[in-house]
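In: Sequence below, structure please.
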Amino acid sequence: MPACTPGGVDQAEFKIAKNPPALAALQAAANAILPSTGAACSGGVAVVVAARRSMHVTLRAKAAGHTVDADNLTLRCKPGV
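Out: Here you go, the predicted model:
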């Protein structure tokens, strides 16, 4: 796999349906390290997903007001797995 060179990110925008408490925590963690011109890691964020349910998270990273990367993540709670 080729090396990936991180680019600058000015802003990150999270979207989660029904606006759970995790949304504000994720946004605050991203805001704490942005803007960034290279690789950066935030502190950990606990995300609670109800048993046998899913949570869909969308993240859009922006530079100079334009989306430079968009990712979707589905978190699922599978008790007993």
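In: Which residue lies nearest to the residue sitting nearest the centre point of the chain in three dimensions, sequence-adjacent residues excluded?
Out: The geometric centre of the chain, computed from its C-alpha atoms, lies nearest to residue 59 (C-alpha atoms, centre = their mean), at 4.9 Å. For residue 59, ignoring the flanking residues on the chain, the nearest one in space by C-beta to C-beta, 6 or more residues apart in numbering is residue 71 at 5.0 Å. No exception for glycine: its C-beta is placed from N, CA and C like everyone else's.
In: Tell me the secondary structure at that neighbour.
Out: Reducing the assignment to helix, strand or coil with DSSP: H, G, I helix; E, B strand; the rest coil, the entry for residue 71 is strand.
In: picking up where we left off before, show me what the residue nearest to the centre of the chain is bridged to.
Out: Following DSSP bridges, residue 59 is listed with bridge partners residue 14, residue 71.
In: what's near enough to touch it?
Out: Taking C-beta atoms under 8 Å, 6 or more residues apart in numbering as the contact definition, residue 59 lies against 12, 13, 14, 15, 70, 71, 72, 73.
In: Can you report how many residues neighbour the residue lying closest to the second one once chain neighbours are set aside?
Out: The shortest distance from residue 13 to any residue that is not its chain neighbour, by C-beta to C-beta, 6+ apart, is 4.7 Å, and that residue is residue 60. For residue 60, the tally of surrounding residues (other C-beta atoms under 10 Å) stands at 14.
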